[in-house]
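**Q** pasting the structure only:
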């Protein structure tokens, strides 16, 4: 989805398949913020046309790109690998945005390669989740699925936390399991858990994390990820190729049940990837242009003024 100053832009197609979009000259004199909630690469053409249109009319244009595509291709390991993050950044940079706002990108290469990049964290949403849980009488332990997530998100949190160490298959990198570190096993038993990370694709990391935490006696398990891909509904695990959201715990699913209890009780995320909507398993927080424009000037990508 593409929006200009909060208003959705309709992207039509000419008979030959080329993009047909309209600008808005009534915005003359305003600062224009193009919001791109990524759905597919084809949208970049429309974003480019709109950017050039407004710049040609003398307007300052910024980009709010909550989810940065290609961030997992942030390095090359083989001669035939394509450095997609670097090339995507060059495409964005070619549009000469005044500012580019991104939300909790998967890789630090994003901020290093995109010009005028402002990285915004998702702490305000995590605070909202904690408030919701505490309102319901739940005071969880925070769990980070690996050391990278712990280093990234643990600063300043006021509840106990632990982290995971993944066990992978040699050669393929496939996740085989996970060990829990940073907390005594007896401190997990009977406690509610909030897992936090940046992105969920098919959910293998969270399946193995939740499975291990349940084995240790954890009660309810919740998950917050800044970005959630539609493939969360397609994930398959184990020899039986179980679906991530629908199969029960005994059959290795993230949302399944054992004795009528879910492995993961609920997922919280944002609408950074379009279209991703709330359902019985997922709560989606909306991000809009105000979320980007109201980021504080303290340099940490937060909204701490709103918390005071």
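**A** Looks like it arrived, so ask away. Since the model is a prediction, treat every value here as computed from it, not as a measurement. Numbering: from 1, shown residues only.
**Q** Report the residue spans of the stretch 51-200 of the chain with pLDDT below the cut-off.
**A** For the stretch 51-200 of the chain, the stretches flagged by pLDDT under 70 are 170-173.
**Q** all strands for it, in order.
**A** Listed in chain order, the strands of the stretch 51-200 of the chain (DSSP state E, counting those that start in this stretch) span 61-65, 100-103, 117-120, 141-144, 161-168, 175-181, 193-200.
**Q** The ones you listed: which one's closest to residue 25?
**A** strand 61-65 (14.0 Å; Cβ to Cβ). No exception for glycine: its C-beta is placed from N, CA and C like everyone else's.
**Q** Now find how far off-centre the closest one is within its chain.
**A** Mean C-alpha position of strand 61-65 versus that of the full chain (Cα atoms, centre = their mean, to the nearest Å) differs by 18 Å.
**Q** can you check stretch 212-231 too?
**A** Centre to centre, stretch against its chain (Cα atoms, centre = their mean), the figure for stretch 212-231 is 14 Å.
**Q** same deal with stretch 134-148?
**A** So, by Cα atoms, centre = their mean, the centroid of stretch 134-148 is 17 Å from its chain's centroid.
**Q** OK, contacts around the residue nearest the centre of the chain?
**A** Nearest to the mean C-alpha position of the chain, counting by Cα atoms, centre = their mean, stands residue 227 at 1.7 Å. The neighbourhood of residue 227, defined by Cβ atoms under 8 Å, 6 or more residues apart in numbering, consists of 66, 67, 103, 104, 106, 198, 199, 200, 269, 270, 272, 273.
**Q** Do a quick rundown of the helices in the protein.
**A** Under the criterion DSSP state H, the chain contains helices at 43-56, 84-93, 109-113, 123-135, 147-153, 185-188, 204-215, 289-293, 304-307.
**Q** Just the buried positions in the first one, please.
**A** When you say that, I think you mean helix 43-56. 43, 44, 46, 47, 48, 49, 50, 51, 53, 54, 55 (16 or more other Cβ atoms under 10 Å).
**Q** Closest one of those to residue 280?
**A** Looking across the buried residues of helix 43-56 and measuring by Cβ to Cβ, the closest to residue 280 is residue 43, at 29.0 Å.
**Q** To what extent is residue 183 buried, counted in neighbours?
**A** 16 (other Cβ atoms under 10 Å).
**Q** correction: residue 278
**A** Applying other Cβ under 10 Å, we find 14 residues neighbouring residue 278.
**Q** Settle this for me: it is touching residue 285, isn't it.
**A** No. Using Cβ atoms under 8 Å as the test, residue 278 is too far from residue 285 to be in contact (9.1 Å).
**Q** Same list (the strands of the stretch 51-200 of the chain) but as TSV, adding mean neighbour count and distance to residue 76.
**A** TSV is the format used below for those (neighbours: other Cβ atoms under 10 Å; distance: least, Cβ to Cβ, whole Å):
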stretch	mean neighbour count	distance to residue 76
strand 61-65	23	23
strand 100-103	24	22
strand 117-120	20	21
strand 141-144	23	28
strand 161-168	18	21
strand 175-181	15	23
strand 193-200	23	21
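**Q** Turn these into a markdown table, columns for distance to residue 131.
**A** Shown next, in a markdown table, are the strands of the stretch 51-200 of the chain (distance: least, Cβ to Cβ, whole Å):
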| stretch | distance to residue 131 |
| --- | --- |
| strand 61-65 | 25 |
| strand 100-103 | 20 |
| strand 117-120 | 20 |
| strand 141-144 | 14 |
| strand 161-168 | 18 |
| strand 175-181 | 26 |
| strand 193-200 | 12 |
